[in-house]
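Engineer: One predicted model, sequence on top.
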Amino acid sequence: MISSLPPALLFLVGAALVPLMPRGVKKAFMLALPLAALYMIWQTPLGTSWSFSFLDMQLVLLKLDRLSRVFAFIFLIISVIGFLFALKVEDDLQHSAALCYAGGALGVTLAGDWFSLYIFWEIMAVASTFLILASRTKAARAAAFRYILVHLFGGLLLLAGIVLTLSAGGGVAIGALKLEGAAAWLIFLGIALNAAIPPLHPWLKDAYPEATPTGAVFLSAFTTKSAVYIMCRVFAGAEVLIWVGAIMTIFPIFYAVLENDIRRVLSYSLMNQVGYMMCGIGIGTTLAINGTVSHAFCHILYKALLFMAAGSVLTMTGRSRCTDLGGLYKTMPLTAIFCMVGSASISAFPLFSGFVSKSMIVSAAGLQHLTVIWFMLQFASVGVIDHAGIKVPYFTFFGHDSGVRASDPPWNMTWAMGIAAAFCLGIGIFPQPLYSILPFAVDYAPYTGAHVVGQLQLLLFGALAFVLLIYSGYYPAEIRAINLDFDWFYRKGGRAFARLMDRGLNGINAASDRWLVSDLTGAVNRFARRAPVTISKGVMIPLWRLVGVRGWPLEQKKRDLERGMAIGALPVGVGAAAAALMTLIVFVLS
């Protein structure tokens, strides 16, 4: 059965079978499924398979090239680690949703046509929503509702762009697009929303912290990185992404420093790292694309490691605020070590994975003489050190002693963190295996004197700034306030739009009711009731005057006429006059 299904569909079928399995079989199955799919991808030669015709479109469920293969590898690796981390969770909703989510991400990566990509894109949106709902809290339900609305809107943008592309004669096969015309821009915006590119990003920091401890691991890996993959395949070299990505590396830093919740800090730092990838895609050179792909590979591992560490703390203590934690290194030493490995990796410390990937993007910017962009990326590197590199482990495991005492999490969670940490160290020390599977041949040496010394200077500068702020008392403590992000514009703008529609459209409706229903209809009704009398008087009065009727006799005839009209009895002359008038009108018109 395994070999007879595409890898993405294998996950979807597995998601349906999980609730039907005994607990022991279920655990083994969840680990075996991504391992089997990983073996399938490893053994599958580059090229196209699972292609068939549907509604005059050639659909391709498995298009494997050097770009898609890298993302398929890392999605399957993190699936194994994520399911190991969630092994003891007794919740079929989370397991099935995670399998569908992983299958959707794999389907997006391997799809060779726009139609298949869109289907898997929407599967990801729906499945990931359930990983937020699985927390079963009021805040999670509200966040999940907002999350699915945003992503359905993004899916509609993507679908509209695809339909316009096909209607304009474009092929159904996924290929590079120029950022010109409504169709390309709609596709771009649909992908940008999933990539959390500002100002389309608030959904991420709103939803991810509300997910379950295990669900957040999968969320950190799939949605934004599948968007990075599609952006890399379709819009590589789009210059707008250079500036968008550079701004994206800096913008979230300030919010991450202010945030008090660990997972919210990590959510903002996730946006920061995706910014490097967007910038690399925009630069579009061989080195930049290799750097983007390798950084996505490394980022999935160390960000998942950091979310696993935060999830472990939340699971064991029930707390996730920096100011509620501290001193946990005494009783959670392994979790503290793994968290520091993740922090060193995201900070691009030499010998850790982030160093061998991020430096490729920064170097690509320098080689293209993008001086301002290069400085922005370097500044952002210092900011990463401050919040994700030092703040998260310091306030969680060191800092003040909160008095909270909790042991390291169960063995499966510890092993999952250990495997991710081993990848972070192994790639950092031996980057060549990763470099060998990148889309283009790699001619880059990360461990040169200039790279190492320059990065160490940034690291030490960032660490010094953090220490000075901490010991001077100026580092932001818990701020019991709402940090205004771009969602402020959505909230205020949405309310203003609702009020405008309420007052505008409902005002038009009320005016229409008053003018058309009440006034005009009433006037027509009154006219219809008075029309026979008015017309009869208009005909008869001139005739009566013509024959010499004046004064009181004329007024009496008017009253008799109105009275007769009221009871339906008219003088014969009136009827004859009316008939003569109608005959005259018909004669003239004919």
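Structural biologist: Arrived safely. Numbers count the residues shown, from 1 in each chain.
Engineer: Now do the buried residues in the lengthiest helix in the chain.
Structural biologist: If you go by DSSP state H, the chain has its longest helix at helix 286-317. Neighbour counts over helix 286-317 (16 or more other CB atoms under 10 Å) mark 287-317 as buried. Where C-beta positions appear, they are placed from N, C-alpha and C, glycine not excepted.
Engineer: Can you say which helix or strand has Val382 in it?
Structural biologist: helix 371-384 (DSSP states H and E).
Engineer: any idea of the mean pLDDT for the longest helix of the chain?
Structural biologist: For helix 286-317, the mean pLDDT works out to 96.
Engineer: Following the chain past that helix, name the next helix or strand.
Structural biologist: helix 333-346.
Engineer: Measure how whichever helix or strand comes after that following helix sits relative to helix 333-346, angle-wise.
Structural biologist: The helix or strand immediately downstream of helix 333-346 is helix 353-367, counting by DSSP H and E. If you take axes from the mean of the first three to the mean of the last three CA atoms, to 10 degrees, helix 353-367 sits at 10 degrees to helix 333-346.
Engineer: In helix 353-367, which residues are buried?
Structural biologist: Going by 16+ other CB under 10 Å, helix 353-367 has these buried residues: 353-365.
Engineer: can you list the residues you listed in JSON lines and add distance to Tyr471 and pLDDT?
Structural biologist: Formatted as JSON lines, these follow (distance: CB to CB, whole Å; pLDDT from 0 to 100):
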{"residue": "Ser353", "distance to Tyr471": "31", "pLDDT": "95"}
{"residue": "Gly354", "distance to Tyr471": "27", "pLDDT": "93"}
{"residue": "Phe355", "distance to Tyr471": "28", "pLDDT": "95"}
{"residue": "Val356", "distance to Tyr471": "33", "pLDDT": "95"}
{"residue": "Ser357", "distance to Tyr471": "33", "pLDDT": "95"}
{"residue": "Lys358", "distance to Tyr471": "29", "pLDDT": "94"}
{"residue": "Ser359", "distance to Tyr471": "31", "pLDDT": "93"}
{"residue": "Met360", "distance to Tyr471": "36", "pLDDT": "96"}
{"residue": "Ile361", "distance to Tyr471": "34", "pLDDT": "96"}
{"residue": "Val362", "distance to Tyr471": "30", "pLDDT": "94"}
{"residue": "Ser363", "distance to Tyr471": "35", "pLDDT": "94"}
{"residue": "Ala364", "distance to Tyr471": "38", "pLDDT": "95"}
{"residue": "Ala365", "distance to Tyr471": "34", "pLDDT": "95"}
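Engineer: so who does Glu41 touch?
Structural biologist: Not Glu; residue 41 is Ile. Shown in contact with Ile41 (CB atoms under 8 Å, 6 or more residues apart in numbering): 7, 64, 69, 72-73, 76.
Engineer: Neighbour-wise, which one of these leads?
Structural biologist: Pro7 (28 neighbours; other CB atoms under 10 Å).
Engineer: That one against Leu61, yeah?
Structural biologist: No - taking contacts as CB atoms under 8 Å, Pro7 lies outside contact range of Leu61: 9.0 Å.
Engineer: hey, what's in contact with both of the two?
Structural biologist: The contact lists of Pro7 and Leu61 share Leu110, where a contact means CB under 8 Å, 6+ apart.
Engineer: Where does pLDDT dip in the chain?
Structural biologist: Within the chain, the ranges that satisfy pLDDT under 70 run 1-4, 473-482, 516-520, 522, 524-541, 543-549, 554, 557-558, 560-582, 584-590.
Engineer: buried residues in the next helix or strand after the helix holding Val382?
Structural biologist: For helix 371-384, the following helix or strand on the C-terminal side (DSSP H and E) is helix 392-397. Residues of helix 392-397 classed as buried: 392-397 (neighbour count, 16+ other CB under 10 Å).
Engineer: Any chance of TSV for those residues, columns distance to Cys424?
Structural biologist: Listed next are the buried residues of helix 392-397 as TSV, based on distance: CB to CB, whole Å:
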residue	distance to Cys424
Val392	15
Pro393	14
Tyr394	19
Phe395	21
Thr396	18
Phe397	18
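Engineer: Return the closest of those residues with respect to Leu33.
Structural biologist: Val392 (31.6 Å; CB to CB).
Engineer: Wait, that closest one touches Ser343, no?
Structural biologist: Yes - when contacts are counted by CB under 8 Å, Val392 is listed as touching Ser343 (6.1 Å).
Engineer: Give the residues shared as contacts by these two.
Structural biologist: Leu306.
Engineer: Tyr447: which element?
Structural biologist: Using DSSP H and E, Tyr447 falls within no helix or strand.
Engineer: packing partners for the helix or strand harbouring Gly107?
Structural biologist: Gly107 belongs to helix 92-110 when elements are defined using DSSP H and E. Helices and strands touching helix 92-110, as assessed by 3 or more CB pairs under 8 Å, 6 or more residues apart in numbering; DSSP states H and E, comprise helix 7-17, helix 23-43, strand 57-64, helix 66-85, helix 114-133, helix 215-234.
Engineer: One more pass at 6 Å, please.
Structural biologist: helix 7-17, helix 66-85, helix 114-133, helix 215-234 (3 or more CB pairs under 6 Å, 6 or more residues apart in numbering; DSSP states H and E).
Engineer: Put the alpha carbons of the last one into PDB.
Structural biologist: Going back to what we said before, that points to helix 215-234. Only the C-alpha atoms of helix 215-234 are listed here, as PDB (Å, rounded to 0.1, in the frame of the first residue of the first chain):
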ATOM      1  CA  GLY A 215       1.000  21.400  17.800                       C
ATOM      2  CA  ALA A 216       3.200  24.500  17.900                       C
ATOM      3  CA  VAL A 217       6.200  22.300  16.800                       C
ATOM      4  CA  PHE A 218       4.400  21.400  13.600                       C
ATOM      5  CA  LEU A 219       3.000  24.900  13.100                       C
ATOM      6  CA  SER A 220       6.500  26.400  13.200                       C
ATOM      7  CA  ALA A 221       7.700  24.000  10.500                       C
ATOM      8  CA  PHE A 222       5.200  23.800   7.700                       C
ATOM      9  CA  THR A 223       3.100  26.900   6.800                       C
ATOM     10  CA  THR A 224       5.700  29.600   6.500                       C
ATOM     11  CA  LYS A 225       8.300  27.200   5.000                       C
ATOM     12  CA  SER A 226       6.000  25.800   2.400                       C
ATOM     13  CA  ALA A 227       5.400  29.400   1.400                       C
ATOM     14  CA  VAL A 228       9.100  30.000   1.200                       C
ATOM     15  CA  TYR A 229       9.400  27.000  -1.100                       C
ATOM     16  CA  ILE A 230       6.600  28.200  -3.500                       C
ATOM     17  CA  MET A 231       8.000  31.800  -3.400                       C
ATOM     18  CA  CYS A 232      11.400  30.400  -4.300                       C
ATOM     19  CA  ARG A 233      10.100  28.400  -7.200                       C
ATOM     20  CA  VAL A 234       7.800  31.000  -8.600                       C
END
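Engineer: I'd assumed Asp324 was in contact with Thr396.
Structural biologist: No - between Thr396 and Asp324 there is no contact, the gap being 9.8 Å when judged by CB atoms under 6 Å.
Engineer: Now do stretch 362-376: distance from first to last residue.
Structural biologist: Length of stretch 362-376, first residue to last, CA to CA, to the nearest Å: 10 Å.
Engineer: Name the residues that touch it?
Structural biologist: 246, 283, 285, 287-288, 291, 377 (CB atoms under 6 Å, 6 or more residues apart in numbering).
Engineer: Good, we can wrap up now.
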